[in-house]
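Undergrad: fold the stuff below for me.
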Amino acid sequence: MYELALTTITALLYLAAAGAIGARILYGEERGPARSTGLALAAAAVGIHAVVVAETTWVGAELNLCFFNALSLVSWITCAGVVVVSLRQRIEHLGVLLWPLAAGAVLGTLFSSPDPTVTRDPLLTTHIVISMTAYAILLAAVLQALVLALLDYRLRHRRPVGFGFVRRLPALRTMEKQLFWMVTVGFSALTISLATGLGFFFEEVVEGGMIHKTSLSIASWIAFGVLLIGHTFWGWRGQTAVRWTLIGFGALMLGYFGSKFVLELILQG
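TA: Residues are numbered from 1 along each chain as shown. Presented below is the predicted three-dimensional model:
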């Protein structure tokens, strides 16, 4: 009952935060809820979600990073980052997409396996934290890319942007700068993750046990690297930036969560 209550409250707070920010974007500052209301609800959700993560992920001297717990951890890191950064920059619009996903992720922990999956070695734990942080930052980047794609599409097709969700978004150039900032930070974390991961799992990679995950992770790293090079030297932006972000994130998620989904929920289901 304790775990059910925590997850339910967390999910409801995330949904309330998304609703508050969505209503503010839709109706404006005068008729919509205050910006602080949505951020306060999200911060409360993040705080309780942290307890859920601690209860489900840390199992004695080991870690339980099964499919649902890993999703919950990544969503928590992303939500915490969005709330903190929103205090300085206008990125709370990501919560309209992110916080409902986080609500689903935290509820998913109710179906997670209770058995630990990883030994809590300090260096290995550091690698895992860096990896999850990379996934979290790049998740925020892909959500930003989706919103950017919507706004860019309407501008390119000369459709009015003064409606609903896109009416009160930050300027297109501002959103592009935010996107490339997220991709740059996420790419840096992913680089460290791959370097440390190859150090920990080199023998398994050579033997082919992790070839699928490693190959897709490297493909993701290349995609994000190409995007940053293209942006720096050839000015890539708009739909090109969106496509490369989606490609990179898709490969990354297939490499880790796709593999876990097949191994844990299909083959062992």
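Undergrad: now M253: closest residue in space, sequence neighbours ignored.
TA: Y135 (7.8 Å; Cβ to Cβ, 6 or more residues apart in numbering). For glycine as for every other residue, the C-beta is placed from the backbone atoms N, C-alpha and C.
Undergrad: my guess is the one you found meets Y256, correct?
TA: Yes: counting by Cβ atoms under 8 Å, Y256 is a contact partner of Y135 at 7.0 Å.
Undergrad: who has more neighbours, these two?
TA: Using other Cβ atoms under 10 Å as the criterion, Y135 and Y256 rank with Y135 on top: 27 against 19.
Undergrad: what helix or strand is that one on?
TA: Assigning secondary structure by DSSP states H and E places Y135 in helix 122-156.
Undergrad: let's see stretch 70-83 as CSV, backbone CA atoms only.
TA: Extracted in CSV, the C-alpha atoms of stretch 70-83 (Å, rounded to 0.1, in the frame of the first residue of the first chain):
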residue,chain,number,x,y,z
ALA,A,70,15.2,2.2,-15.4
LEU,A,71,12.4,4.1,-17.2
SER,A,72,11.4,5.6,-13.9
LEU,A,73,15.0,6.6,-13.0
VAL,A,74,15.6,8.3,-16.4
SER,A,75,12.2,10.1,-16.3
TRP,A,76,13.0,11.3,-12.7
ILE,A,77,16.4,12.7,-13.8
THR,A,78,14.8,14.4,-16.8
CYS,A,79,12.0,15.9,-14.7
ALA,A,80,14.4,17.1,-12.0
GLY,A,81,16.6,18.7,-14.7
VAL,A,82,13.6,20.5,-16.4
VAL,A,83,12.3,21.9,-13.1
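Undergrad: what about that stretch, average pLDDT?
TA: Stretch 70-83 carries an average pLDDT of 96.
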